[in-house]
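Enquirer: Would you be able to build a 3D model of this:
(2 chains)
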There are 2 protein chains.
Amino acid sequence: MRVIRDAAELRAVSQAWHAAGERIALVPTMGYLHEGHLALVARARELAPRVIATIFVNPTQFAPHEDLGRYPRDEAGDIAKLEAAGCDVLFAPSVEVMYPAGFATRIAMSGPAEGLEGTHRPQMFAGVALVCTRLFGMSGADVAVFGEKDWQQVMVVRRVVEDLALPITIETVPTIRAADGLALSSRNAYLDPEARVKAAAMHAALSYAAERLRAGATAAEACGEAEERLREAGFRQVDYVALRSERGFEEMEKLSEPGRVLGAAWLRQVRLIDNVTKSG
Amino acid sequence: MRVIRDAAELRAVSQAWHAAGERIALVPTMGYLHEGHLALVARARELAPRVIATIFVNPTQFAPHEDLGRYPRDEAGDIAKLEAAGCDVLFAPSVEVMYPAGFATRIAMSGPAEGLEGTHRPQMFAGVALVCTRLFGMSGADVAVFGEKDWQQVMVVRRVVEDLALPITIETVPTIRAADGLALSSRNAYLDPEARVKAAAMHAALSYAAERLRAGATAAEACGEAEERLREAGFRQVDYVALRSERGFEEMEKLSEPGRVLGAAWLRQVRLIDNVTKSG
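Expert: Next comes the predicted model:
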């Protein structure tokens, strides 16, 4: 696997592959890779003969008080994992390569970027839309693969691709979970052993809400009860538990069409997010 | 020439051309075409075997008090001119095709979008960046051709292409002028015969400033004198006359590197803009 840090080198590799008629699949990540990321690489390999993974902890999607500075990193470990997973190129640019002097463009998103994560992390989706748009262009990828754990992010990325008519397709891979249901996440590294045990309550609470919705409960009832369960399990603050439609990412009062239950809550200083489809 | 109004039809045509190995050049316009636009089409034909012109009066780049509602239109005349100029496709979408229900993306530009037009028409370049990015993607064009009359716009479009790593190249064509120097513009249709005569003072004043700069005058002196000449010629308000560097579009106190003199001023209710390179 080739590790590339320079935009011109990435473009040359990508153009050579396209000239040879080879499609390219992209797996954008912030590194500190786990089985969830490797499932994205596996899916990418099914979609295209060439796979580029990226590792970039994007400063524009973090607010000043957030965990940019302490976000976990292990590039050597990540390289070994990507190599073993059959990735062709790792693109790991510096901040200066991604946002060079003179950079002057920002993207603002409404629609699926509003509410939930958009309320609690107001700067995030603008940063995600910008970095993804730029990575799509720099890599020349034909398809990009995202994990469903960050479902609202998937909705935002699909939206910016459609609105800017970007020449790329977005594919998703279901969330990979630990045996107790906890969604794999690089931020799980922040959990001490006791918190790690309690963290399983997130998936349990969202699954419970989904079950109640299927039984006919309103979103207010089902999500309210899930929030209560999170607090009982030791989460100190629940940012939200909410139902959104699968197709248009719209609020629904009941499960009147296929939907997803999304949640975000704080276990001590660690913020966990997750979501489950109507099938739990 | 085929007239297309639908995004899917445009994509199909563009994909078929690319599949046949044919490059595509794009000429984005707001219609009411004149010789300046046709020079862009002629350049496009040199650059690629396939040429798509677009006509779209983009509401997102007009402020509420501006001339969106009365912007001149003549689609039948435009079609005849484009056909004669050897254009392959005219893409003339409705507002609903360009900004369908659910559209949720905005682009904000700093850098070259700041100052001059960006001061006097604060919403314009965000609208230009958005519509160009979307048209580039929808058309799949390999190169787009813009006129140098809107020089700051060219700087903004080049910037968004670089920042979002869009897979397109930007080419420009020098301004086409009437015999008395007036830059051709669809908005010249607003000028009554008396104002049309006075309008020639814009190019004369900017050329005078460029000459003074070449002779060693400061930007403050040269541009101040040009503004005075515009007022003497009957312009009721001068928005700006300014020197910017050719390469980085930066303010300069003197002509210390290749530059452009840009101006905008009002002749009665008509706002004219123009610019000249250091060679006048």
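Enquirer: what pLDDT, on average, does stretch A:8-19 get?
Expert: Mean pLDDT, stretch A:8-19: 98.
Enquirer: On the three-state scheme, the nearest residue in space to A:Asn275 that is not next to it in sequence is what?
Expert: In space, A:Asn275 comes closest to A:Leu262 once its chain neighbours are excluded; the distance is 4.1 Å by Cβ to Cβ, 6 or more residues apart in numbering or on different chains. From N, CA and C alone the C-beta is placed, and that goes for glycine too. Three-state call for A:Leu262 (DSSP: H, G, I helix; E, B strand; the rest coil): strand.
Enquirer: give the contact list for the nearest residue to A:Asp150 once chain neighbours are set aside.
Expert: Excluding the flanking residues, the one nearest A:Asp150 by Cβ to Cβ, 6+ apart is A:Ile273, at 7.3 Å. Going by Cβ atoms under 8 Å, 6 or more residues apart in numbering or on different chains, A:Ile273 touches A:Glu117, A:Lys149, A:Asp150, A:Leu262, A:Gly263, A:Ala264.
Enquirer: mean confidence for the helix or strand containing A:Ile273?
Expert: Applying DSSP states H and E as the criterion places A:Ile273 in strand A:270-277. Taken as a whole, strand A:270-277 carries a mean pLDDT of 96.
Enquirer: In it, which residues are buried?
Expert: A:Val270, A:Arg271, A:Leu272, A:Ile273, A:Asp274, A:Asn275, A:Val276 (16 or more other Cβ atoms under 10 Å in any protein chain shown).
Enquirer: before we move on, back to that, tell me which of the contacts of A:Ile273 is nearest to chain B?
Expert: The closest of the contacts of A:Ile273 to chain B turns out to be A:Glu117 (Cβ to the nearest Cβ; 14.7 Å).
Enquirer: Cross-check the contact I'm expecting between the closest one and A:Met124.
Expert: Yes - the criterion here is Cβ atoms under 8 Å, and A:Glu117 meets it with A:Met124 at 6.2 Å.
Enquirer: Number of residues surrounding A:Ala16?
Expert: 11 (other Cβ atoms under 10 Å in any protein chain shown).
Enquirer: all strands for chain A, in order.
Expert: A:2-4, A:24-29, A:50-55, A:89-91, A:105-109, A:143-147, A:169-173, A:237-245, A:259-267, A:270-277 (DSSP state E).
Enquirer: Tell me the bridge partners for the residue nearest to A:Asn275.
Expert: Beta-bridge pairing of A:Leu262 under DSSP bridges involves A:Ala242, A:Asn275.
Enquirer: A:Ala101 versus that one, what's the distance?
Expert: 38 Å (Cβ to Cβ, to the nearest Å).
Enquirer: Which of those two has more residues huddled nearby?
Expert: A direct count of neighbours by other Cβ under 10 Å for A:Leu262 and A:Ala101 places A:Leu262 higher, at 23 against 5.
Enquirer: now, among the buried residues of strand A:270-277, which is nearest to A:Ala242?
Expert: A:Asn275 (9.3 Å; Cβ to Cβ).
Enquirer: separation between that closest one and chain B?
Expert: According to Cβ to the nearest Cβ, to the nearest Å, A:Asn275 and chain B sit 20 Å apart.
Enquirer: ok, that residue - contacts?
Expert: A:Asn275 sits in contact with A:Glu148, A:Lys149, A:Trp151, A:Thr175, A:Leu206, A:Arg260, A:Val261, A:Leu262, A:Gly263, where contact means Cβ under 8 Å, 6+ apart.
Enquirer: ditto for A:Arg196
Expert: Counting by Cβ under 8 Å, 6+ apart, A:Arg196 touches A:Leu182, A:Asn188.
Enquirer: again, but for the one 10 residues further on
Expert: With contact taken as Cβ under 8 Å, 6+ apart, A:Leu206 is in contact with A:Ala226, A:Val241, A:Val261, A:Leu262, A:Gly263, A:Asp274, A:Asn275, A:Val276.
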